[in-house]
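Student: structure here, sequence nowhere to be found:
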C-alpha cells in the first residue's frame, strides 16, 4: 500500500479511533492488533528510511520561500535530548506562526513534493489550525501558533466525540470535532542546532518550552507519558468547534 495515499491514512486513523470505542476494542482485538502492528512496523520502516531526508526537504522549502518554522513537540524534544529523532517517532512536528499561512504556502509545499492529507480549522482558521502533509511515506504535522494578547501564544490539537471512530465520522454526525488549546511560552526567536547529520531550527527558548510541555525531567525518557497526560496549560476549548477537511 502506498504510505503517501489518503486511503492509507484513513485506514490508520480508523483503526486507532475504532479501538477506543467501548466494547468494540474487545470485538476487534483479533483483527485490530495484528493490523495495528503491521501498520506501525511499516510506518516505522518508512520513517527510518526517509524521515531525515523529508525533514531536510521541508527545511529547504521553507528557507527558499522565507517561511519561518521551528521543530515542535516530540521532534523538538528529540532535537534537544537526542540530537535527532526520538526512538519511537513516527512523524515530524513543526510550528509555523499563523500569520505566515496562505494558499501560497500550501502550493509551495505541494510543489516540493508534500501532499496535504487533512487539516483542522477553528473559526475558519482565524483561531486555530493544524495541517498534515505526507512525503515519501512520512507524515509532517504543522501546528500553527497564534498570538494571544497579554496571554501566552497557543496552538491547538483535535479529537473526536465519544463513539466516533474517525474525524470524518464525527463531522458527519455532529458537524464538528473537539479542540484543545495548548499554551506555550514561545516567541519568534529561533536558532539552528545539530539534528543527526543536518541542522534544524528550534525555538530559542526550547528548554523552557519543553519543561512547560513535558515537565522538568524532560531529558529523561518517560515510557508512561502520553499525549493525554495531564498538563494545566492544555485545556479543552469547549466554547469553540473545529472543522476537519480531507483531500
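Tutor: Everything's here; your move. Nothing here was measured: the structure is a model prediction, and the numbers come from that model.
Student: which residues touch the residue most central in space within the chain?
Tutor: Centroid-nearest residue in the chain, with C-alpha atoms, centre = their mean: residue 141, separated by 3.7 Å. If you count contacts by C-beta atoms under 8 Å, 6 or more residues apart in numbering, residue 141 has them with 72, 91-94, 130-132. Glycine gets a C-beta too; all of them are placed from N, C-alpha and C.
Student: average pLDDT for the helix or strand residue 62 falls within, rounded please.
Tutor: Assessed by DSSP states H and E, residue 62 sits inside helix 24-64. Mean pLDDT, helix 24-64: 80.
Student: ok, stretch 164-176 next?
Tutor: Stretch 164-176 comes out at a mean pLDDT of 92.
Student: swap in stretch 82-95?
Tutor: Stretch 82-95 comes out at a mean pLDDT of 92.
Student: got a list of contacts for it?
Tutor: 40, 43-44, 47, 51-52, 54-55, 58, 69-78, 138-145, 155, 186, 193-196, 203, 221.
Student: for that stretch, buried residues please.
Tutor: 84-85, 89-95 (16 or more other C-beta atoms under 10 Å).
Student: do the same with stretch 223-234
Tutor: Buried, per 16+ other C-beta under 10 Å, within stretch 223-234: residue 234.
Student: first-to-last residue distance for it?
Tutor: 20 Å (C-alpha to C-alpha, to the nearest Å).
Student: OK, contacts around the closest residue to residue 65 other than its chain neighbours?
Tutor: Spatial nearest neighbour of residue 65, excluding adjacent residues (C-beta to C-beta, 6 or more residues apart in numbering): residue 108 at 5.2 Å. If you count contacts by C-beta under 8 Å, 6+ apart, residue 108 has them with 61, 65, 67.
Student: next SSE after the particular helix or strand that has residue 132 in it?
Tutor: According to DSSP H and E, residue 132 maps onto strand 128-135. Stepping forward along the backbone from strand 128-135, the first helix or strand reached (DSSP H and E) is strand 138-148.
Student: now the following helix or strand past that following strand against strand 128-135, angle please.
Tutor: As assigned by DSSP H and E, the chain's next helix or strand after strand 138-148 is strand 151-159. For strand 151-159 against strand 128-135, the angle by axes from the mean of the first three to the mean of the last three C-alpha atoms, to 10 degrees is 60 degrees.
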